[in-house]
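In: What follows is a predicted structure for the sequence shown.
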Amino acid sequence: MDLHWLKPLLGRPAPFTTVYLDSTAADTAGGSDALDRWHQLRRDLEVQGAPVSVMEDIGELVSQPTGVAGAHGRVIVADAEGVRVDRILAAPPAQSQATLGLVPVLLPAAQAADESTRFLLVEADRQGADLSWSDWSGAKIGEAEVVDGDHDVLHKVREGGSSQRRLETRAEDSWERNAEVVAAELDRVVSERVPELVLLTGDIRAVGLVREAVGQHVRERLVVVPGGSRADGVNGDAFRANVEDALRLHRMRRREQVLEQYRTGTGRGEGAATALADVVDVLRRGQVSELVVARGAVAPGAVLRERQLWIGPDPLDVALTGEELASMGVQGETRIVPADVALVRAAVAQDAGLTFADDGSIELVDGVGAVLRWTDSSTPSASVLSQSADTARLRNVG
């Protein structure tokens with residue numbers, strides 16, 4: 001799961017104001033809306049000493065509708081100079097919260113991103129297609145871009161004889177040419193904007209033609225979803241359920257692909273690391289391709305919430321102790337933060353992804369591991385003894 005959208009927070013001046021807000025609209029006369037929830041959070045931030053200008057900026061954003069129907073959330077992060085991150089969350093937080101601190105609270109945003117997929121929805125018929133982009137959360141779909149071919153013999157007729165055959169041939173040709181126009185546009189926009197997934201729906205014949213005409217870079221992320229159409233009369237609830245199924249399966253495959261890389265790396269003793277000390281080591285060396293965290297390890301009171309790490313000004317300045325950080329020659333202000341905060345910060349800095357593993361799906365010492373980009377002779381290696389009951393023995397530093 002990509003964390004690049006958190007990069008604008010790196011190197012910014014503290015303090016950071018982090019807001020996780022239930023943005024679901026009130027559905028009863030007595031219900032509270034996002035602005036009411038924000039007013040409650042603002043009082044908390046005032047007590048914490050948040051800058052007035054920052055709170056005003058956040059309030060202005062919250063007062064604007066998100067354009068998302070149904071239950072959803074929002075994360076807003078500001079530094080001392082203003083808002084740097086404003087994102088919709090596909091699901092509302094269990095509890096709205098606002099925090100002022102020397103570092104932003106990024107883990108809830110990363111967890112929300114793990115359940116999100118940015119996709120392109122393509123609704124095709126025999127004349128063309130409507131292309132609609134989801135936002136980062138996958139909860140909001142923008143206005144459709146209309147892509148139509150210029151071949152207008154779209155229907156076969158039932159007259160018999162050679163005239164019918166000619167019209168049928170012309171209609172087939174029109175469908176194919178129009179599908180090629182749509183495919184060419186898909187090839188272009190997917191190359192430029194790189195969605196995780198392309199969802200293709202609509203007329204069965206048009207869907208097949210478009211699918212055959214697109215290039216490999218589109219085909220490898222394309223999923224056909226039944227039930228959609230450019231025309232009116234679609235069963236909206238059924239189609240949305242089909243879309244959700246496709247997105248859920250994609251997230252499962254995305255997660256399993258990373259976990260299988262981790263299993264392979266631990267099995268051969270290279271290409272992966274586990275245990276907090278080893279993961280800290282490979283993070284500060286910039287070796288991490290994907291940080292892997294057990295869901296249970298970041299629950300309140302769990303290991304990565306209770307353990308603390310030392311960090312310096314650079315996100316890759318991270319260590320188990322202050323003495324270790326000093327021995328690295330770190331200059332400037334140092335501080336102690338929860339382990340999950342330091343790990344996510346370092347992962348963002350080196351363009352690493354983040355995957356949350358269901359408890360028991362893989363062996364993670366201290367609830368954390370990493371898939372590595374590269375290794376050398378000094379890289380800690382991890383091997384997992386699947387039948388050992390002693391997690392301390394699972395760590396094997398080579």
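Out: Good, I have the coordinates.

In: So for stretch 50-67, mean pLDDT?
Out: Averaged over stretch 50-67, pLDDT sits at 93.

In: which of the residues in that stretch are buried?
Out: Residues Ala50, Pro51, Val54, Met55, Asp57, Ile58, Leu61, Val62, Thr66 are the ones in stretch 50-67 that count as buried (16 or more other C-beta atoms under 10 Å). Using the backbone N, CA and C atoms, a C-beta is placed for each residue, glycine as well.

In: In a helix, the fourth one, correct?
Out: Going back to what we said before, that points to Met55. Yes - per DSSP: H, G, I helix; E, B strand; the rest coil, Met55 lies within a helix segment.

In: so where do the strands sit in the stretch 101-250 of the chain?
Out: With strands called from DSSP state E, counting those that start in this stretch, the stretch 101-250 of the chain shows them at 119-124, 128-133, 145-148, 197-202, 222-224.

In: mean confidence score for the second one?
Out: The average of the pLDDT scores along strand 128-133 is 96.

In: Show residues contacting it.
Out: Applying C-beta atoms under 8 Å, 6 or more residues apart in numbering, the external contacts of strand 128-133 come out as 118-123, 141-149, 178, 181-182, 185-186, 189, 193, 195, 202, 206, 210, 230.

In: Look up the closest residue to the most centrally placed residue in the chain, ignoring the ones flanking it.
Out: Central residue of the chain (C-alpha atoms, centre = their mean): Ala113, 3.5 Å from the mean position. Excluding its sequence neighbours, the residue lying closest to Ala113 (C-beta to C-beta, 6 or more residues apart in numbering) is Met1, at 5.5 Å.

In: How about the contacts made by the one you found?
Out: Neighbour list for Met1: Ala110, Ala113, Asp114, Arg254, Gly353, Leu354, Thr355 [criterion: C-beta under 8 Å, 6+ apart].

In: can we see that at 6 Å?
Out: By C-beta atoms under 6 Å, 6 or more residues apart in numbering, the contact set of Met1 is Ala113, Asp114, Gly353, Leu354, Thr355.

In: Out of these, list just those in helices.
Out: Ala113, Asp114 (DSSP state H).

In: which one of the contacts of Met1 sits closest to Glu220?
Out: Nearest to Glu220 among the contacts of Met1: Gly353, at 18.2 Å, using C-beta to C-beta.

In: Quickly list what that closest one is bridged to.
Out: Here Gly353 sits in beta bridges with Glu290, going by DSSP bridges.

In: between the strands of the stretch 101-250 of the chain, which gets the lowest average pLDDT?
Out: Looking at these, the lowest mean pLDDT belongs to strand 145-148 (a mean of 92).

In: residues making contact with that one?
Out: Contact with strand 145-148 is made by Gln127, Gly128, Ala129, Asp130, Leu131, Val182, Glu185, as judged by C-beta under 6 Å, 6+ apart.

In: Report the separation between the third one and Glu180.
Out: So that's Ala129. Distance check for Ala129 against Glu180: by C-beta to C-beta, to the nearest Å, it reads 12 Å.

In: higher neighbour count, the two?
Out: Using other C-beta atoms under 10 Å as the criterion, Ala129 and Glu180 rank with Ala129 on top: 31 against 17.

In: Quick check: closest non-adjacent residue to the more buried one.
Out: If you skip the residues right next to it in sequence, Ala129 has Val182 as its closest partner in space, 4.5 Å away by C-beta to C-beta, 6+ apart.

In: Kindly report the same for Leu102.
Out: Ala14 (4.7 Å).

In: Show me where the protein dips below the pLDDT cut-off.
Out: Applying pLDDT under 70 to the chain flags the ranges 27-32, 151-171, 382-398.

In: let's go with 50 and repeat that
Out: For the chain, applying pLDDT under 50 flags the ranges 28-31, 153-162, 164, 167, 384-398.

In: Can you tell me which of the contacts of strand 145-148 has the most neighbours?
Out: Busiest of the contacts of strand 145-148 [other C-beta under 10 Å] is Ala129, holding 31 neighbours.

In: beta partners of that one?
Out: Assessed by DSSP bridges, Ala129 has beta-bridge partners Ala124, Val147.

In: tally of neighbours for Val207?
Out: By other C-beta under 10 Å, 22 other residues sit near Val207.

In: Please tell me how far it sits from Phe239.
Out: 14 Å.

In: re the thing from before, tell me which of the contacts of strand 145-148 is nearest to Asp278?
Out: Nearest to Asp278 among the contacts of strand 145-148, with distances taken as C-beta to C-beta, is Leu131, at 44.9 Å.

In: Now do the strands in the stretch 251-398 of the chain.
Out: Ranges of strands in the stretch 251-398 of the chain, per DSSP E, counting those that start in this stretch, are 272-274, 288-294, 308-311, 318-319, 335-338, 353-357, 368-372.

In: Can you give me the domain boundaries for this structure?
Out: Annotated domains of the chain cover 4-114, 119-234, 259-394 [automatic domain parsing].

In: In JSON lines, list those domains along with distance to Arg248.
Out: What follows is the domains of the chain, written out as JSON lines (distance: least, C-beta to C-beta, whole Å):
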{"stretch": "domain 4-114", "distance to Arg248": "11"}
{"stretch": "domain 119-234", "distance to Arg248": "11"}
{"stretch": "domain 259-394", "distance to Arg248": "14"}
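
In: so which of the ones you listed gets nearest Leu247?
Out: Set against Leu247 and scored by C-beta to C-beta, the domains of the chain come closest in domain 119-234, at 6.2 Å.

In: Give me the distance from that closest one to the chain's centre.
Out: Counting by C-alpha atoms, centre = their mean, to the nearest Å, domain 119-234 is centred 26 Å from the centre of its parent chain.

In: Can you check the distance spanned by it, start to finish?
Out: End-to-end distance for domain 119-234: 20 Å, by C-alpha to C-alpha, to the nearest Å.

In: Could you count how many residues lie near the closest residue to Thr264 other than its chain neighbours?
Out: Using C-beta to C-beta, 6+ apart and skipping residues adjacent in sequence, the residue nearest Thr264 is Gly271, 6.9 Å away. Other residues lying near Gly271 total 21 when counted by other C-beta under 10 Å.

In: No further queries at this time; thank you.
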